[in-house]
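K.L.:
Build me a structure from this.
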Amino acid sequence: MSLDYFSSPGGYEVDFYLPETRQLIQVTQNLNNAPTREREVRALQDAIQGLKPKNALILTDANGKDFEIAGVPVRIRSIAEWMLHP
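P.N.:
Have a look, this model is predicted:
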């Protein structure tokens with residue numbers, strides 16, 4: 001399985017892109033800070049427009065409420081939980 005990062009058309013970077021499963025993954029310490037959350041989501045929004053992935057994942061310090069961007073499900077999971085139960 002290959003693992004890449006993705007630079008979106010708007011110049012935003014998504015930390016990881018898994019082309020075989022068409023999954024985008026962002027990693028950040030936490031999403032409590034509004035500018036941090038906006039930055040992580042903005043990169044996903046721009047990448048989703050170009051890639052049309054099956055899903056996206058934000059790995060952080062705590063689980064959060066899942067949402068969708070343009071019909072693509074985005075999960076927010078704690079890194080610890082994801083490592084134990086991917």
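K.L.:
tally of neighbours for residue 26?
P.N.:
A total of 22 residues lie near residue 26 under the criterion other C-beta atoms under 10 Å. For the C-beta atoms, the positions are set from N, CA and C on the backbone; glycine is no exception.
K.L.:
what's it in contact with, if anything?
P.N.:
14, 15, 16, 40, 43, 44, 56, 57, 58, 59 (C-beta atoms under 8 Å, 6 or more residues apart in numbering).
K.L.:
Check which helices and strands the host helix or strand of residue 57 sits against.
P.N.:
Assigned by DSSP states H and E, residue 57 belongs to strand 55-60. On a contact count with 3 or more C-beta pairs under 8 Å, 6 or more residues apart in numbering; DSSP states H and E, strand 55-60 meets strand 23-27, helix 34-51, strand 72-78, helix 79-84.
K.L.:
Those: which one's closest to residue 9?
P.N.:
helix 34-51 (5.3 Å; C-beta to C-beta).
K.L.:
now the closest one against strand 72-78, angle please.
P.N.:
140 degrees (axes from the mean of the first three to the mean of the last three C-alpha atoms, to 10 degrees).
K.L.:
List the buried residues of helix 34-51.
P.N.:
37, 40, 41, 43, 44, 45, 46, 47, 48, 51 (16 or more other C-beta atoms under 10 Å).
K.L.:
So the fourth one sits against residue 13, correct?
P.N.:
Yes - at 6.2 Å, residue 43 and residue 13 qualify as touching, with contact defined as C-beta atoms under 8 Å.
K.L.:
related to what we said a few turns ago, among the contacts of residue 26, find me the one that's closest to residue 68.
P.N.:
residue 56 (9.4 Å).
K.L.:
Please tell me I have it right and the closest one contacts residue 27.
P.N.:
No - at 12.0 Å, residue 56 and residue 27 do not qualify as touching, with contact defined as C-beta under 8 Å.
K.L.:
Those two: which is more packed in?
P.N.:
residue 56 (27 against 13).
K.L.:
Residues in a beta bridge with that one, which ones?
P.N.:
Applying DSSP bridges to residue 56 gives these bridge partners: residue 24, residue 74.
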